[in-house]
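A.B. asks: this is the structure alone, sequence omitted:
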């Protein structure tokens, strides 16, 4: 009887050992800390895995909005049977860091991130018959908006002069900028404005006087009108004859052309020189 029970016990133990052996395991590794990326930049969601890749290997990335369960996740892309299939509203901006992702790296790249990309991303690796663990990794992404601010100062006085510093801090770190403000006395500004006005007036008058003096000098330097020996004019006088003589000659010619009268002839003869 004892001899018959021993083979049965050995078979039961071997069966129990085979049932409890999990076989090869799929292990997915993702960062434990949340990821933050400025709006408009590219986010890299790191995901790595370890398994024996076979023809049944499949990778899926999906997205869940904040506050919603994983069961309602929206697909982003699939990799199966050696092909990549982007899908969903993020398909044009989603890609894999390594394609095909069969070397243990399944990192997702998402370009031009937007505030609507904030949420939880699921990296799911499925590789039958490696069914040990669920092969799932979760990454929380926060897209940081660009926020601007300004400081408005009113009723400025001399005491407002100085250096102003602005400091901004978020999950990515901190940054600062400085601005120097100098406030002048208003009365000094009015005096300076009056002085500048007087100087401009004097400058204008000086330029006007300079132009007038130069115009007078240029006018005096202009040569008088001369005529060459070959030029002929109706009113030109022969050399050696004065203007008065010419006038007299013209008068004589005029008198000779008029009809002679007694008084006229007598007067003319007494005044005109004799010419032989």
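C.D. replies: That came in fine, so what should we check first? None of the values given here were measured: they were computed from a predicted structure. Residues are numbered from 1 along each chain as shown.
A.B. asks: and residue 151, how far from residue 176?
C.D. replies: 14 Å (Cβ to Cβ, to the nearest Å). (C-beta placed from N, C-alpha, C; glycine too.)
A.B. asks: okay, and the common contacts of the two?
C.D. replies: Listed contacts common to residue 151 and residue 176 are residue 166; contacts here mean Cβ atoms under 8 Å, 6 or more residues apart in numbering.
A.B. asks: hang on, residue 217 in a helix?
C.D. replies: Yes: counting by DSSP: H, G, I helix; E, B strand; the rest coil, residue 217 is part of a helix.
A.B. asks: tell me how many other residues surround it.
C.D. replies: By the criterion of other Cβ atoms under 10 Å, residue 217 has 9 neighbours.
A.B. asks: where do the helices of the protein begin and end?
C.D. replies: Ranges of helices in the chain, per DSSP state H, are 2-20, 186-220, 243-257, 262-271.
A.B. asks: mean confidence for the first one?
C.D. replies: Spelled out, that is helix 2-20. Model confidence over helix 2-20, given as mean pLDDT, is 40.
A.B. asks: do the longest one as well
C.D. replies: pLDDT averaged over helix 186-220 equals 72, rounded to a whole number.
A.B. asks: next, the buried residues of it.
C.D. replies: Using 16 or more other Cβ atoms under 10 Å as the test for burial, helix 186-220 gives no buried residues.
A.B. asks: now do stretch 120-128
C.D. replies: Quick answer for stretch 120-128 (16+ other Cβ under 10 Å): 120, 121, 122, 123, 124, 125, 126, 127.
A.B. asks: again with stretch 74-82
C.D. replies: Those would be 75, 76, 77, 78, 79, for stretch 74-82 by 16+ other Cβ under 10 Å.
A.B. asks: so where's the stretch 51-200 of the chain shaky on pLDDT?
C.D. replies: 131-133, 171-172, 185-195 (pLDDT under 70).
A.B. asks: recalculate using a threshold of 50.
C.D. replies: Counting by pLDDT under 50, the stretch 51-200 of the chain contains no low-confidence range.
A.B. asks: and the nearest residue to residue 47 once chain neighbours are set aside, bridged to which residues?
C.D. replies: Leaving out its chain neighbours, the residue that sits closest to residue 47 by Cβ to Cβ, 6 or more residues apart in numbering is residue 123, at 3.7 Å. Under DSSP bridges, the beta-bridge partners of residue 123 are residue 61, residue 137.
A.B. asks: surely residue 123 touches residue 134?
C.D. replies: No: under the criterion of Cβ atoms under 8 Å, residue 123 is not in contact with residue 134, lying 11.4 Å apart.
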